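> Just need the structure, nothing else, for what follows:
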Amino acid sequence: MSRNTVGVVIAAMNSAAFIDQALGSLAMQTTLADQVVVVDDNSGDDTVRLVERWRAILPLTLLRNHGPRRLGVWGARRAAIEALETDLVLQLDGDDVVLPHHVAAMSETYAASPGLISPRPLTWTGQGPFRPATYTKGGLPVPGDQLIQLLAQNYVVVGSLFARELYERIGGYRHVAYGEEWDLWLRLVAAGARVSKPDEPSYVYRVRASSYAGGFARNEAETEVLNRFLEEAEHPVHRQAVKVALLQRTGLAALGALTPVSGPLPEPVRAFAAGHERPLTRAYRDQDLGWVLAFDSEVAVTDDHARVIVHVVEKDGNYEAVEIADPLMRRDASSLRDILRGERGERGERGER
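From the prediction side, this is the model:
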């Protein structure tokens with residue numbers, strides 16, 4: 001039985017300070033990649049010269065975008081994947097590195113459970129030791145929860161592995177202002193890819209002050225990905241879940257233009273509103289969520305029987321779900337299902353593999 005071939009894709013833009021370490025880590029693999037494609041996105045530094053030096057050591061293809069416009073991360077990755085001739089795609093950011101068993105571990109995990117393989121991450125500042133990741137991407141939701149949880153929060157690491165055939169079938173990378181990987185993961189999982197992880201950490205994410213995730217309003221940026229998913233979602237639970245995720249980022253504004261209800265509310269909903277500690281300011285009806293009740297700095301969503309779907313509280317521009325219905329999960333790291341934390345989470349992850 002022939003094995004799946006693996007191609008590594010790297011998007012590089014002014015990566016001269018890091019690219020040798022990234023490519024060097026690929027050269028040290030116990031199982032070498034079958035192809036490595038680097039896309040230089042119109043760098044103004046020494047990136048291209050440094051990449052060229054690795055041709056004698058790695059099965060390397062270098063693609064150059066000479067401009068005048070940069071492709072962006074999504075466009076560079078898309079171009080790199082188009083140049084692959086392998087069965088599987090393995091991503092590596094130009095400023096990250098991988099441990100020597102990474103390609104083997106990711107390939108073996110895919111062989112055991114084909115789908116979307118997310119590495120277990122370590123973090124590194126570029127100096128000192130690698131450190132275990134302390135965020136929820138170290139965990140993994142149980143089967144059946146994966147898409148719902150992924151709508152709530154991206155728990156898949158950037159350096160993931162997936163089948164090129166499935167990637168092409170769902171349309172591949174597309175332009176979004178922020179979160180192009182998350183947009184891709186959502187569509188892969190919605191298309192049937194199951195998320196799995198190797199047993200041990202093998203991907204090293206470099207943490208630096210200029211990391212892209214720092215200098216903008218992340219909540220607002222993430223709504224683009226969620227709204228695009230909502231436009232394409234047909235399953236009612238998925239539509240409800242994505243709207244709950246939107247509420248937890250920008251509150252009532254996330255639902256767009258809603259028409260206030262002019263008539264009487266159902267008695268259970270009216271009683272629920274009357275018993276709330278804050279006065280009801282507006283009531284809306286959403287086709288996916290149900291009754292949307294606005295109480296000053298709070299929003300409660302219920303069904304016709306006043307069962308709470310989600311209760312969101314706003315404070316200083318931040319939105320926190322203080323109550324949420326199963327199977328829709330809270331967004332914040334401390335309240336994602338137990339599978340993402342503690343001993344019960346570790347037992348669940350072993351079952352997932």
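> Which parts of this structure are helices?
Using DSSP state H, the helices of the chain run over 19-27, 47-52, 72-82, 102-112, 146-152, 164-169, 180-190, 218-232, 236-250, 267-274, 342-352.
> Which of these sits closest to residue 127?
The closest of those to residue 127 is helix 19-27. By CB to CB, the value is 12.3 Å. (Each C-beta comes from the backbone N, C-alpha and C, glycine too.)
> Would you mind listing the outside residues contacting the closest one?
8, 10, 12, 15, 32-33, 36, 38, 47, 50-51, 54, 57-58, 60, 92-100, 102-103, 204 (CB atoms under 8 Å, 6 or more residues apart in numbering).
> Now that helix: buried residues?
Neighbour counts using 16 or more other CB atoms under 10 Å place 19, 21, 22, 23, 25, 26 of helix 19-27 among the buried residues.
> That helix versus helix 102-112: what angle between them?
Inter-element angle recorded for helix 19-27 and helix 102-112: 50 degrees (by axes from the mean of the first three to the mean of the last three CA atoms, to 10 degrees).
> From the chain's centroid, how far away is helix 19-27?
Centroid separation for helix 19-27 versus its chain: 24 Å, with CA atoms, centre = their mean, to the nearest Å.
> Next: stretch 14-26.
24 Å.
> go on, stretch 97-115?
For stretch 97-115, the distance to the chain centre is 19 Å (CA atoms, centre = their mean).
> quick one: terminal-to-terminal distance for that stretch?
Using CA to CA, to the nearest Å, one end of stretch 97-115 lies 23 Å from the other.
> Report the buried residues of it.
Residues of stretch 97-115 classed as buried: 97-99, 101-110, 114-115 (neighbour count, 16+ other CB under 10 Å).
> Which pair of these spans the longest distance?
Counting by CB to CB, the most remote pair of the buried residues of stretch 97-115 is 97 and 114, 26.0 Å apart.
> could you dump the buried residues of helix 19-27 to JSON lines with distance to residue 285 and pLDDT?
Conversion of these to JSON lines gives the following (distance: CB to CB, whole Å; pLDDT from 0 to 100):
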{"residue": "19", "distance to residue 285": "54", "pLDDT": "98"}
{"residue": "21", "distance to residue 285": "55", "pLDDT": "97"}
{"residue": "22", "distance to residue 285": "52", "pLDDT": "98"}
{"residue": "23", "distance to residue 285": "56", "pLDDT": "98"}
{"residue": "25", "distance to residue 285": "54", "pLDDT": "98"}
{"residue": "26", "distance to residue 285": "54", "pLDDT": "98"}
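> low-confidence ranges in the stretch 201-350 of the chain?
Counting by pLDDT under 70, the stretch 201-350 of the chain has low-confidence residues at 209-216, 326-350.
> number of nearby residues for the closest residue to residue 102 other than its chain neighbours?
Of all residues not flanking residue 102 in the chain, residue 202 sits nearest, at 4.0 Å (CB to CB, 6 or more residues apart in numbering). Residue 202 is flanked by 22 other residues according to other CB atoms under 10 Å.
> Would you check how far apart residue 202 and residue 238 are?
Per CB to CB, to the nearest Å, residue 202 is found 31 Å from residue 238.
> same check, this time on residue 313
25 Å.
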